[in-house]
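**Q** Got a predicted model here, sequence first, then my questions.
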Amino acid sequence: MSSRGKGVPQQVLTNSFVISKLPTRTQYFQYEVELHIVAISRGGRDVKNPRRRIEVFERLQNHTDPRLFTPRCIFDGAVIMYSSRELPLSGRDSQTFEVNMSDKPRRDGSAPTRGILQVSLKKVAAEPIDFNGLQAFIDGKQTKQTPQVLTAINVLQLIIRQGPNLRVTLLSIFGKYPNNTRAFFTKDAGIQTLGGGLELWRGYFQSVRPTIGKVLVNIDVSTAVMFKQDSFQNAALAVLKQRDARALDLRAESPQFRQLKSFFKGVSVTLVHRPGLKKIRGLVPNAGNFEFENTTVKEYFEKTWGRRLSYPNIIGIQVGSKDRDEVIPAEMCNIAPDQRYTRKLPPEFSPSMVKFSSKNPQDRLALISAGINNSITADQRSALDYQNSPFLQDAGITVSPDPILVTGRVLPTPRIHYGNPASSRPVQPRNGSWNVIDQTFHEPKSLSSWGIINYSRVSDQTINRLINTLLNAYVSPPAACQSGSGASSVVNDMRSLKHSVHGKTGRDPEMVLAILPTSSTDIYHAIKSFGDVIAGFPTQCVRENKIERANDQYCANLGMKINAKLGGVNSLPKSGALEKLTSAPFMVIGMYRLCLTLETHRWLVHPAPGADVGHPAPGMVNQPSVASLVYSFDRNAVRYEAMMSVQHPRQEKIDELRKLVYRAIGEFGDRNRAAPERIIFFRDGLSEGEYAVTGKEEIEDITKAIDDIWRDKNVRSEKPELTFIVVGKRHHVRFFPRNRNEGDRSGNCPPGFVADQGVGNPAVRDFYLQSHGGLLGTSRPSHYITLRDDIYKHNVDDLQELAFTLCHAYARATRSVSIPAPVYYADIVCARGAFHFNPAMGFDAATISSNDDAFDLERWRKNFKDKHVNLSRKMNFM
């Protein structure tokens, strides 16, 4: 890859650090690890928690048999262990160890019956792992990222991460930073109280990445939500936003009790009256008066522990196993330290999370550098502590403390045309945005038959003010304005409004504007379902709190969305790369895949963009995934048609891609009376490990779809050239200007900064493009990976410029966005998939997973309806 090409060269720092020396130990041997708790009364049970597994394994190495495990072995927290020497196990290739997690000997000298765990090791019958293949890969002598190369990278990954994840601190019994294996978190890097029993911690993400000529460690700042270490009683009051302990005197059927039970399930607590760590199984009301063995909890604590309960009538926690239950009063336990909160963050805390997580580029890079170089921890070491990691020392690895410098380019900015391009001057974006004052839409659509339905409490004066801002030469006053009753009456309300509009104009509504309360998910869902599936007209929802203080910018954005929904074109981005495409018919396709959960249709919330297949949330296996495809059907790549399909949950490959592409090409041909000669396909969300398999399979599906339609339609022209690009946002590569004068107003690299050397993967043609202007924190570039390129071949300049141009084509903004508009559109379409299912399904069958319930894909597909035919050629999803 080369930095020579279009644009102005610019050198920037990146959050990648060179592994100066690969492991000097030539081989690593792989072992499988089985770990379970020994129970005298019944068979053992597996230890599933990764952090607990790591703790047990460290106890095995440091206490049970330290001589055998020298040098120390590397454990992934799941089932794989690597050793730099072949271990002399008692069973030749296997051995089982008993690990005592307690340092306290039994008074009678007998063997302990509790706290004993068994760890079984078995050598894997595979070749020892060496780093020769990885060296050949980064040196360019081997072009494929083979399984051997991936394994070597994985071993390096574990060596790098092992030290911080097992770091001895003064605060932790087992000496571990809380971590999620990819990142670890420490108060020393930053902490902020959220409320509701939660707080935010900063930490560090680490990932080993090969690039041409070297191997890098990508280090980034990360944020975790943690349970605040506090008394359980205070934590419960914080969740309920109460101060008086008597607020915890709750009945089991009360909403507050259920809220607390859900919040604290699985949380570990320490005990006030004696040492111990317990996991909460549930809650009990009136805990002090809970009866067991002819006594009560209150009497037991006073008699046995000399503890008189201050609040015997409030809730307590339920711990232990089902056959050995134990109830502990709320005031007798504390939330244990270092526990991550892994559920969805309550919406009220989202602004605080965003503010805490957002660091401007200079501060972010300084914090990363401090993690490597500065003594910021309680024991005066750097958080990452590469210099002192026994795992790096054993392997002979060193990591440079200085971020690498890469040379990129700032691409020329596309021109934005409004009105008639032949007679109007183009608008030139600055810092990723542009002004539309005195501009007219390129292709405005008239709106004369429409209505308003109001579910809010806003005044008629506010509604009239909003209407007046929308009226122009193309938009007439609404034909009808009615009040709605609520979510249950939406269908009747919309039918009534449709009848009124038709009675006054002689036509069905071209659009309905709905005014909703601030919180109105159910109403929003019902309105979109009615408009998209039943009636076939676009709907535009606005919230009451927005229109009450609507300014000119808000109204202009609203006008852009409405014009696009009606089938109009707001503006045309122009560039040399796009002009070259227009010499022959072409299609730009974006694809995304999203899970169908209640979270996918939070109204007016825009998910992260991409061409991907989204999955159900963890533990949700009975909900389908929804895949969406959008394709351009005009010569400027600004008008898009959308389609969806339903597939199995957690399936990365897009199941019906062949059928979707066949349909898209057929419709394009019908509309343009010509077959496309070029297809540029943007696919969001494949991870690096999926390029070779899923990417290859999807490219085959696309080419088969082309073969099918050429055969079925007897097309005589040449089949189209195909360029297939994966667009990734789930990475931690960041770029930092060397000084503020070289960045934009936010301190980020200027929009259009592209880097195609220094941090790319040797196995693929890829580049990073930061296409949007910075707003808050450090901007994340998008990662473009070309898996097939018939069109541009080795001309990466035009491909980069095209991607940058399409980032200026997002119809409801006057800013460039972080990914090409078709990929963004596909994301939005996916999120609307929930509106297309039969409401009678009610999502009841798609709750917590059950091993007894088989997923019924055909049932979901039969209850799914495509968008109404009247919405053809209209971007109703805007």
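**A** Here it is on my side, so go on.
**Q** The stretch 151-300 of the chain: helices as residue ranges?
**A** Assignment of helices within the stretch 151-300 of the chain using DSSP state H, counting those that start in this stretch yields the ranges 232-240, 255-264, 297-305.
**Q** any idea of the angle the longest one forms with helix 232-240?
**A** The one in question is helix 255-264. Here helix 255-264 runs at 110 degrees with respect to helix 232-240, directions being taken by axes from the mean of the first three to the mean of the last three C-alpha atoms, to 10 degrees.
**Q** before we move on, the earlier item: out of the helices of the stretch 151-300 of the chain, which comes closest to residue 361?
**A** helix 232-240 (34.5 Å; C-beta to C-beta). Heads up, the C-betas are built off the backbone N, CA and C, glycines and all.
**Q** Kindly reformat the helices of the stretch 151-300 of the chain as TSV and extend each row with mean pLDDT.
**A** Supplementary listing: these in TSV, determined by pLDDT from 0 to 100:
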stretch	mean pLDDT
helix 232-240	97
helix 255-264	96
helix 297-305	96
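**Q** just the ones you listed: most buried one?
**A** Mean neighbour counts were compared across the helices of the stretch 151-300 of the chain using mean count of other C-beta atoms under 10 Å; the top stretch is helix 232-240, at a mean of 21.
**Q** Same list (the helices of the stretch 151-300 of the chain) but as JSON lines, adding distance to residue 789.
**A** JSON lines is the format used below for the helices of the stretch 151-300 of the chain (distance: least, C-beta to C-beta, whole Å):
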{"stretch": "helix 232-240", "distance to residue 789": "53"}
{"stretch": "helix 255-264", "distance to residue 789": "50"}
{"stretch": "helix 297-305", "distance to residue 789": "70"}
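**Q** and residue 467, which of those is closest to it?
**A** Closest approach to residue 467 among the helices of the stretch 151-300 of the chain is made by helix 255-264 (40.4 Å; C-beta to C-beta).
**Q** Look up phi and psi at residue 71.
**A** phi -60, psi 160 (degrees, to the nearest 10).
**Q** what's it in contact with, if anything?
**A** For residue 71, the set of contacting residues under the criterion of C-beta atoms under 8 Å, 6 or more residues apart in numbering consists of 84, 85, 390, 394.
**Q** let's see it at 10 Å
**A** With contact taken as C-beta atoms under 10 Å, 6 or more residues apart in numbering, residue 71 is in contact with 25, 83, 84, 85, 390, 391, 393, 394, 395.
**Q** same question, residue 307
**A** For residue 307, the set of contacting residues under the criterion of C-beta under 10 Å, 6+ apart consists of 272, 273, 298, 300, 301, 329, 331, 332.
**Q** How much space separates it from residue 294?
**A** For residue 307, the distance to residue 294 (C-beta to C-beta, to the nearest Å) stands at 20 Å.
**Q** For residue 371, which non-adjacent residue is closest in space?
**A** In space, and not counting its chain neighbours, residue 371 is closest to residue 383: 4.4 Å by C-beta to C-beta, 6 or more residues apart in numbering.
**Q** ignore the last one, residue 562
**A** Nearest-residue entry for residue 562: residue 540, 5.7 Å, with adjacent residues in sequence omitted and distances by C-beta to C-beta, 6+ apart.
**Q** Give the helix, strand or coil label for that neighbour.
**A** Classification of residue 540 by DSSP: H, G, I helix; E, B strand; the rest coil places it in strand.
**Q** Can you spell out which residues form a bridge with it?
**A** Residue 540 has the following beta-bridge partners by DSSP bridges: residue 513.
**Q** wouldn't it be in contact with residue 558 here?
**A** Yes - with contacts defined as C-beta atoms under 10 Å, residue 540 counts as touching residue 558 at a distance of 7.3 Å.
**Q** overlap in contacts of these two?
**A** 470, 513.
**Q** where are the low-confidence patches of this structure?
**A** Scanning the chain for pLDDT under 70 picks out the ranges 1-4, 24-25, 37-45, 104-115, 165-176, 375-381, 595-622, 841-853.
**Q** What strands line up against the helix or strand in which residue 736 is found, and which way round?
**A** Secondary-structure assignment from DSSP states H and E places residue 736 in strand 735-737. The sheet places strand 735-737 alongside strand 8-14 (antiparallel), with pairing taken from DSSP bridges.
**Q** ok, now which ones touch the residue nearest to residue 562?
**A** When the contact criterion is C-beta under 10 Å, 6+ apart, the partners of residue 540 are 450, 452, 470, 511-515, 527, 531, 558, 561-562, 565-566, 876, 878.
**Q** picking that back up, if any of the contacts of residue 71 are buried, put those into a ChimeraX selection.
**A** Provided next is the ChimeraX selection string for whichever of those are buried by 16 or more other C-beta atoms under 10 Å:
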select :83,84,391,394,395
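**Q** Which of the contacts of residue 71 sits closest to residue 552?
**A** The shortest distance between residue 552 and any of those, using C-beta to C-beta, involves residue 391 and amounts to 58.9 Å.
**Q** wait, that closest one sits on residue 72?
**A** Yes - here residue 391 reaches residue 72: they are 6.6 Å apart, a contact under C-beta under 10 Å.
**Q** Pull out the buried positions in the host helix or strand of residue 859.
**A** Element membership of residue 859 [criterion: DSSP H and E] is helix 857-862. Judged by neighbour count using 16+ other C-beta under 10 Å, the buried positions of helix 857-862 are residue 860.
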